[in-house]
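Engineer: what shape does this take:
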Amino acid sequence: MDGANQGQVQRAYLKRMGLAMGCYMIAIIAGVYLVSRNLVDGPIVWMLALLPGLSIVGAFYAIGRLILETKDEFIRMLIVRQSLIATGFALSVATVWGFLENFELVRHVDSYWIAILWFFGFFLGAVSNKMAYGAWGQLK
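Structural biologist: Down below sits the predicted model:
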C-alpha cells in the first residue's frame with residue numbers, strides 16, 4: 001500500500017478515535033454533572049453509566065479497524081505488536097493488583113482503570129516499536 005492510501009487509513013482512524021473520545025468526554029462530564037446533582041434517576045443513570053464505557057469500546061473498535069484496514073505488512077505488524085504490548089501490560093498489572101487486593105494488601109481499584117492501563121501500554125508499545133524498529137507505526 002502506498003503512503004497516500006495509508007494516510008487515508010490513518011485519517012479514518014483519527015476520525016473514529018476522535019469521535020470515540022469526544023463521546024467519552026461528553027458522557028463523563030454529563031454523567032458526573034447530572035448524577036452528582038441528583039438531576040436524574042432510574043434507567044437514565046444506567047444509560048449515563050454505560051455511555052463512557054461504550055465510548056471506550058468505540059476506541060478499541062477504531063484500533064481494530066486500523067489493523068484491519070492497514071495493508072502495509074510492516075506497519076500492521078507494528079500496530080499489532082503495540083496492541084500486544086498494551087494487552088500484556090494491562091492484564092499483568094490488573095492480575096497482580098487483583099491478587100494483592102484478594103490478600104487485602106492494597107485497596108480496591110475500579111475496573112475501568114484496566115482500560116487506562118491498556119492505553120498507557122499502547123503508548124509503551126509505540127515507544128518499544130520506535131526503539132526496536134525505528135518506527136512508530138506510520139508511513140512518512
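Engineer: which non-adjacent residue is nearest A59?
Structural biologist: Among residues not flanking A59 along the chain, A20 sits closest, at 4.2 Å (CB to CB, 6 or more residues apart in numbering). Quick note: C-beta positions are derived from backbone N, CA and C, even for glycine.
Engineer: what helix or strand does the one you found sit in?
Structural biologist: helix 3-36 (DSSP states H and E).
Engineer: show me what the host helix or strand of L54 is packed against.
Structural biologist: Take DSSP H and E as the rule and L54 turns out to sit in helix 43-69. Packed against helix 43-69 by the contact rule (3 or more CB pairs under 8 Å, 6 or more residues apart in numbering; DSSP states H and E) you find helix 3-36, helix 73-102, helix 113-133.
Engineer: JSON lines for the ones you listed, including mean pLDDT and distance to P43?
Structural biologist: Shown next, in JSON lines, are the helices and strands packed on helix 43-69 (pLDDT from 0 to 100; distance: least, CB to CB, whole Å):
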{"stretch": "helix 3-36", "mean pLDDT": "95", "distance to P43": "13"}
{"stretch": "helix 73-102", "mean pLDDT": "97", "distance to P43": "30"}
{"stretch": "helix 113-133", "mean pLDDT": "97", "distance to P43": "24"}
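Engineer: before I go, just wanted to say thanks for your time.
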